[in-house]
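In: Got a sequence here, can you build the structure:
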Amino acid sequence: MREYATQMEAARKGILTQELKKAADKEHMAPEELMSFAAQGRAVICANKNHTCLEPEAIGSMLRTKINVNLGVSKDCRDYDIEMRKVMEAVRLGAHAVMDLSSHGDTASFRRKLTAECPAMIGTVPVYDSVIHYQRDLDTLTAKDFIDVVRLHAEDGVDFVTLHCGITRKTIDQIRSCGRKMNIVSRGGSLVFAWMCMTGNENPFYEYYDEILDICRQYDVTISLGDACRPGCLADASDICQMEELVRLGELTQRAWEKDVQVIVEGPGHMPFDQIAANMKIQQTICKGAPFYVLGPLVTDIAPGYDHITAAIGGTAAAAAGAAFLCYVTPAEHLALPNVEDVKQGIIASKIAAHAADIAKGVRGALEMDNKMADARRKLDWEAQWECALDAETAKKIRNERKPEHEDTCSMCGKFCAVRSMNKALAGEYIDIL
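Out: Numbering: from 1, shown residues only. As a prediction, the model looks like this:
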């Protein structure tokens with residue numbers, strides 16, 4: 001029997017866990033240093049004790065920015081085999097976490113398959129699964145029903161759960177009176193809001209938070225405090241609903257830490273570019289440095305089909321200002337369930353955003369591959385360039401489809417290539433152009 005319940009408790013007791021050691025190695029960091037961050041709650045290692053095939057990672061603003069991929073079936077797209085293909089592609093492309101957001105079918109079997117076979121961190125939103133698990137309409141479910149589904153997910157090995165604990169019955173009046181353009185766009189938040197409206201009861205995830213903490217402590221599940229009131233359009237960014245919920249999430253973070261339960265805090269959403277850095281700093285202050293997990297933020301509302309790009313722009317700004325965890329956005333955002341190619345595009349865009357931010361904030365080792373790429377380009381060494389590329393497959397495909405006449409050039413510049421000319425000039429060689 002292990003001497004600690006959670007990774008946070010172990011860090012506070014000075015116990016070096018295998019998960020922390022592996023995560024520290026990936027960060028080029030001494031385990032004692034990462035242990036200090038974990039003890040404070042500024043870094044988390046999402047590692048349910050029942051997820052035995054996990055390759056552990058640490059999440060924190062001082063570490064490499066991590067990427068989450070949302071997957072899962074819906075009633076309109078219900079093929080679990082395709083979803084598993086997406087999972088494997090996501091892992092191959094370097095996603096650090098996979099959230100199963102399934103809202104149809106045999107969700108339990110798929111979730112257990114993920115925790116049995118997927119080495120990435122697994123996250124879920126139990127409130128989605130409650131209606132599916134019980135096969136009953138939302139208003140017939142009880143607070144106990146919701147809590148029992150959280151327990152089921154914990155038992156199944158889920159590493160982190162998104163719980164919308166921060167909205168209360170007061171939020172109902174706020175949403176009705178504040179004049180938001182998009183009201184609540186969080187799917188889980190809207191379900192909790194609807195349940196409160198229909199039953200007249202308090203948010204069960206807020207009312208029974210201590211019971212939830214006991215479950216999370218038992219299985220070492222990290223709570224991802226969902227932001228039900230995240231802005232769903234630029235006009236709603238940084239409003240009173242978002243900020244008041246954030247204050248409550250700060251209080252709930254402290255309560256979790258008192259029980260050695262690890263916490264991630266979720267954030268926006270859609271947000272004008274110039275507000276992003278300030279939002280990150282406010283969160284760090286209110287939530288005392290708990291890792292911040294953002295969806296985007298999307299910096300404009302008018303680019304359906306290209307929201308992986310709008311999110312990458314915002315993601316770079318957010319991570320450079322302190323966000324630790326980026327939820328990918330695909331070209332299908334707002335439009336459809338993403339297919340395999342959408343998943344790839346979303347992951348690559350998020351990885352670019354995360355890497356750019358890591359360079360900006362001086363994360364250890366972040367520039368290493370960029371320097372290797374510069375050397376490879378100077379030498380016109382194409383094979384070395386593929387080894388440095390985030391997506392070598394696409395880079396090779398583009399070059400092979402548009403092959404140049406001369407191998408030491410590309411089809412854009414040919415012998416006008418600046419790198420080729422400089423190499424020859426500095427070597428005292430004749431520079432042939434025509």
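In: Do I have it right that Ala116 meets Asn50?
Out: No: assessed by C-beta atoms under 8 Å, Ala116 is found out of contact with Asn50, at 9.7 Å. (C-beta placed from N, C-alpha, C; glycine too.)
In: higher neighbour count, those two?
Out: Asn50 (18 against 13; other C-beta atoms under 10 Å).
In: so who does Met35 touch?
Out: 11, 14, 16, 20, 24 (C-beta atoms under 8 Å, 6 or more residues apart in numbering).
In: quick one: which of these is most hemmed in?
Out: Highest neighbour count within these: Ala11, with 27 neighbours (other C-beta under 10 Å).
In: Give the buried residues for the strand or helix carrying it.
Out: Per DSSP states H and E, Ala11 falls inside helix 7-13. For helix 7-13, the neighbour count (16 or more other C-beta atoms under 10 Å) marks 7-12 as buried.
In: Out of those, which comes closest to Ile59?
Out: Ile59 lies nearest to Gln7 out of the buried residues of helix 7-13, by C-beta to C-beta, at 11.2 Å.
In: Quick check: nearest residue in space to that closest one, chain neighbours excluded?
Out: Ile45 (4.5 Å; C-beta to C-beta, 6 or more residues apart in numbering).
In: and the one you found, how many neighbours?
Out: Around Ile45 there are 28 residues (other C-beta under 10 Å).
In: wait, it sits on Gly60?
Out: No: using C-beta under 8 Å, Ile45 is not in contact with Gly60; the gap is 9.5 Å.
In: quick revisit: quickly list what's touching both of Ala116 and Asn50.
Out: Joint contacts of Ala116 and Asn50 (C-beta under 8 Å, 6+ apart) are Gly157.
In: And stretch 419-432, end to end?
Out: With C-alpha to C-alpha, to the nearest Å as the measure, the first residue of stretch 419-432 is 13 Å from its last.
In: follow-up on the earlier one: now the helix holding Ala11: mean pLDDT?
Out: Taken as a whole, helix 7-13 has a mean pLDDT of 98.
In: Dump the C-alpha coordinates for the following helix or strand past it into PDB.
Out: Next in sequence after helix 7-13, counting helices and strands by DSSP H and E, comes helix 18-26. Extracted C-alpha coordinates of helix 18-26, given in PDB (Å, rounded to 0.1, in the frame of the first residue of the first chain):
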ATOM      1  CA  GLN A  18       7.700   7.400 -10.200                       C
ATOM      2  CA  GLU A  19       5.200   9.600 -12.000                       C
ATOM      3  CA  LEU A  20       6.900  12.800 -10.700                       C
ATOM      4  CA  LYS A  21      10.400  11.500 -11.600                       C
ATOM      5  CA  LYS A  22       9.400  10.600 -15.200                       C
ATOM      6  CA  ALA A  23       7.600  14.000 -15.600                       C
ATOM      7  CA  ALA A  24      10.700  15.900 -14.200                       C
ATOM      8  CA  ASP A  25      13.000  14.100 -16.700                       C
ATOM      9  CA  LYS A  26      10.800  15.200 -19.600                       C
END
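In: Give me the helices and strands touching helix 18-26, please.
Out: Judged by 3 or more C-beta pairs under 8 Å, 6 or more residues apart in numbering; DSSP states H and E, helix 18-26 is in contact with helix 7-13, helix 31-40.
In: Please state the mean pLDDT value computed over that helix.
Out: Across helix 18-26, the average pLDDT comes to 98.
In: Same question for stretch 45-64.
Out: Model confidence over stretch 45-64, given as mean pLDDT, is 98.
In: got the end-to-end distance for it?
Out: 13 Å.
In: Figure out how far it is from the centre of its chain.
Out: Put simply, stretch 45-64 sits 12 Å off its chain's centre (C-alpha atoms, centre = their mean, to the nearest Å).
In: Buried residues in that stretch, which are they?
Out: 45-51, 54, 56-64.
In: now stretch 381-400
Out: 385, 388, 391.
In: For the first one, identify the helix or strand it belongs to.
Out: This means Gln385. helix 382-388.
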